[in-house]
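Student: Have a look at this prediction, sequence included:
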Amino acid sequence: MKKSSKLLFAALVGTAIIFTSCGKEVVEKYDMVKVKGGALSQPLIDSLSLRIDNPSPDATPESPVFSLEVSDFYISEYEVTQELYKEIMSVDSEVNATPSYFNESPFEGEEQSKRPVERITWYDALDFCNKLSIKEGLDPVYTIRDISRYSKDNAIKYAAVTADYSRNGYRLPTAAEWIYAATGGAKSKENYKYSGSDNLDDIAWHDENSSDMTHQVGLKKANELGLYDMTGNVAEWCWDYTWNEKFEYRPYNNYKGPKNGITRIIKGGSFDYLAVGTFFAYENNNEVNGILGLRYFNVGFRIARNAD
């Protein structure tokens, strides 16, 4: 079966777990890949330029005083497509189920419906996760109240949101999960910036090869975990507020970002600006580190779930 035809194959069959030739565990429904948890590598942590309070001279790569660790989780093999977004969101008459800016004229030989959805707010991504959870009989992770929508396109402009990570529904990945998965998980190599290949063109649609448009998901080379488009195509919403707080020298397990903030983290680079590894090119700039209620034509998302 072609990668492109797999994307919604699960809509026609029951959920099944398969093991591919590279050994990755995939839940066939919505192509969720199981990622074995672990700690982000020290070189990767160093690259994040985090503000760590009272740096310790005793910290070493073999015995770190500060660490970022994630538990096992599932993450989708592909960015959420326009086809899947429409299928799930069409059940709600208040929602614009076809919000994408790139809604016609795909690149030659590519399928329009398999292009990633974009031009959705952070709140819209959470709403999608809840609706997908309900469809699958799972407990929604998010409680979304006091919803305010744009008069045009009905995207969610503002809402009061809380999250319960003990629930088994679909959700956005945390930034730590996203970084860990994008760089190959526990097998992360030293050259994390080009996880999956030493050649950016092999793995990413970026500003020098994209023809200034999004592309069908899954056409570039996957990374070590079998995840596609973690770099380039569209950048991706994460759950966390921007990591601008001071960290302590201690292990952080399943870190979910600061409790408060103005902007949410966007990861992965995109088709219209050089996709430098796993980092959105201007990620540390609050102007671009997504305003929750704004829509960007180069930002979409992928989904995650807790592992049993």
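Tutor: That came in fine, so what should we check first? Just so we're clear, the structure is a prediction, and the values are computed from it rather than from any experiment.
Student: For stretch 255-265, buried residues please.
Tutor: By neighbour count on 16 or more other CB atoms under 10 Å, the buried set for stretch 255-265 is Y255, K256, G257, G261, T263, R264, I265. Glycine gets a C-beta too; all of them are placed from N, C-alpha and C.
Student: can you tell me how far the nearest residue to A125 once chain neighbours are set aside sits from N233?
Tutor: Leaving out its chain neighbours, the residue that sits closest to A125 by CB to CB, 6 or more residues apart in numbering is F301, at 4.5 Å. According to CB to CB, to the nearest Å, F301 stands 12 Å off from N233.
Student: Comparing those two, which residue is more hemmed in?
Tutor: N233 (32 against 29; other CB atoms under 10 Å).
Student: Hmm, the more buried one is touching V217, no?
Tutor: Yes - at 6.8 Å, N233 and V217 qualify as touching, with contact defined as CB atoms under 8 Å.
Student: Any chance you could list residues touching both of these two?
Tutor: With contacts taken as CB atoms under 8 Å, 6 or more residues apart in numbering, the residues that reach both N233 and V217 are E79, P116.
Student: Verify the stated contact: L126 with P140.
Tutor: No - L126 is beyond contact range of P140, at 9.3 Å (criterion: CB under 8 Å).
Student: So those two - more neighbours on which side?
Tutor: L126 (26 against 21).
Student: Look up phi and psi at that one.
Tutor: Main-chain torsions, L126, degrees, to the nearest 10: phi -70, psi -40.
Student: from here on, count from 59
Tutor: From this message on, residue numbering opens at 59, which makes the last subject L184.
Student: Chain neighbours aside, what residue packs nearest to it?
Tutor: Of all residues not flanking L184 in the chain, Y200 sits nearest, at 4.8 Å (CB to CB, 6+ apart).
Student: I'd like to check which residues are in contact with that neighbour.
Tutor: Contact partners of Y200, counting by CB under 8 Å, 6+ apart, are L184, C187, N188, V219, T220, A221, R229.
Student: which ones are touching A221?
Tutor: Contacts of A221 by CB under 8 Å, 6+ apart are V199, Y200, T201, R229, W297, K314.
Student: Would you list the phi and psi of it?
Tutor: phi -130, psi 140.
Student: which stretches of the chain have low pLDDT?
Tutor: 59-86, 112-122, 245-252, 331-346 (pLDDT under 70).
Student: In it, mark out all the helices, start to finish.
Tutor: Using DSSP state H, the helices assigned to the chain run over residues 61-64, 100-105, 140-147, 180-193, 233-240, 258-261.
Student: quick one: buried residues of the fourth one?
Tutor: The neighbour-count criterion (16+ other CB under 10 Å) identifies W180, Y181, D182, A183, L184, D185, F186, C187, N188, K189, L190, S191 as the buried residues of helix 180-193.
Student: before we move on, what about the last one?
Tutor: Along helix 258-261, these residues count as buried under the neighbour rule (16+ other CB under 10 Å): L258, I261.
Student: Give me the contact list for that helix.
Tutor: Contacts of helix 258-261 with the rest of the structure, by CB under 8 Å, 6+ apart, involve 252-255, 264, 266-267, 278-281, 288-290, 333.
Student: Would you check how far apart G227 and K94 are?
Tutor: 21 Å.
Student: Comparing these two, which residue is more hemmed in?
Tutor: G227 (21 against 15).
Student: Just list the residues touching the more buried one, thanks.
Tutor: Contacts of G227 (CB under 8 Å, 6+ apart): C187, N188, L190, S191, E194, L196, D197, P198, V199, R363.
Student: Just put those in TSV and tack on distance to S158.
Tutor: Listed next are these as TSV, based on distance: CB to CB, whole Å:
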residue	distance to S158
C187	18
N188	20
L190	18
S191	22
E194	24
L196	26
D197	29
P198	24
V199	24
R363	24
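Student: Quick one: buried ones out of the contacts of helix 258-261?
Tutor: By neighbour count, with 16+ other CB under 10 Å, the contacts of helix 258-261 hold Y252, S253, G254, S255, H264, K278, A280, N281, M288, T289, G290, A333 as buried.
Student: Look up the closest residue to W301, ignoring the ones flanking it.
Tutor: Counting by CB to CB, 6+ apart, the residue nearest W301 is G315, at 6.1 Å.
Student: who does S125 bridge with?
Tutor: Assessed by DSSP bridges, S125 has beta-bridge partners P309.
Student: contacting residues around it?
Tutor: With CB under 8 Å, 6+ apart, S125 has these contacts: A97, L98, I103, P309, Y310.
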